[in-house]
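[1] requesting a structural model of the entry that follows:
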Amino acid sequence: MELYNLKRKVDFYKDVLTNTENYRKAWQLELKNLIINILQDIAKQVELPVKVEERVQMENLEAVVLSLGTVKSGMYQKIEHGIEVPLVKQSGSLIYQQLFNGKVIVLIQYPYIENYGQPRAPKTIAIYRPEELKEPYLLRHFEDFIHEITTWEDYDDDEPSKKIGFEMNFGTLNPEK
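    Alright, predicted model coming up:
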């Protein structure tokens with residue numbers, strides 16, 4: 001019985017498992033702190049107030065999150081008799097999240113206003129092996145992040161494919177009922 005092809009596949013499988021362990025070690029030993037330091041340095045140089053924090057609720061599924069914070073949106077829900085409840089805006093985040101296999105996914109979490117429409121799904125920038133994540137990539141991710149959130153903040157009807165108005169934020173009205 002010829003098992004050459006199966007043996008090759010088993011060897012590749014073992015290599016993948018070894019890589020997962022190595023990627024997880026790289027995250028713990030250097031990559032996590034490298035990401036934090038580079039993001040903080042970039043933000044400081046461009047004078048952008050951010051919070052960079054680790055999310056460590058799950059071992060080997062940790063994340064580094066650069067956040068622009070939470071602020072009042074400037075909009076209020078009118079309750080009654082002059083009582084107003086501010087709507088809170090999450091200003092957006094750039095996320096470096098470990099995957100189950102030790103690789104790192106980079107995401108942009110768009111800003112959103114709580115209780116006003118649905119948050120937009122995060123944008124995936126890419127998935128990297130730890131050795132691929134170098135300072136030039138992080139700078140490019142930061143630039144992409146700023147571009148995406150600026151576009152979100154400056155939303156208008158210049159892009160004809162996007163719906164605007166009441167239906168976008170509060171659902172489609174059904175005039176037949």
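[2] pull the number of nearby residues for Val71.
    When counting by other C-beta atoms under 10 Å, one arrives at 12 neighbours for Val71. Yep, even glycine has a C-beta here, placed from its N, CA and C like the rest.
[3] contacts only, for it.
    Remark: with contacts taken as C-beta atoms under 8 Å, 6 or more residues apart in numbering, Val71 is in contact with 88-89, 91.
[4] buried members of these into PyMOL, please.
    Entered in PyMOL, the line below selects the buried ones among the contacts of Val71, by 16 or more other C-beta atoms under 10 Å:
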select buried, resi 89+91
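[5] tell me which of the contacts of Val71 fall in strands.
    Cross-referencing the contacts of Val71 with the strands (criterion: DSSP state E) gives 88-89 as the overlap.
[6] so can I have TSV of the contacts of Val71 showing distance to Glu80?
    Supplementary listing: the contacts of Val71 in TSV, determined by distance: C-beta to C-beta, whole Å:
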residue	distance to Glu80
Val88	20
Lys89	24
Ser91	29
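[7] and of the contacts of Val71, the nearest to Leu17?
    Ser91 (39.4 Å; C-beta to C-beta).
[8] buried residues, the host helix or strand of His141. List them.
    With secondary structure defined by DSSP states H and E, His141 is part of helix 135-153. Buried residues in helix 135-153, counted by 16+ other C-beta under 10 Å: 138, 141-142, 145-146, 148-149.
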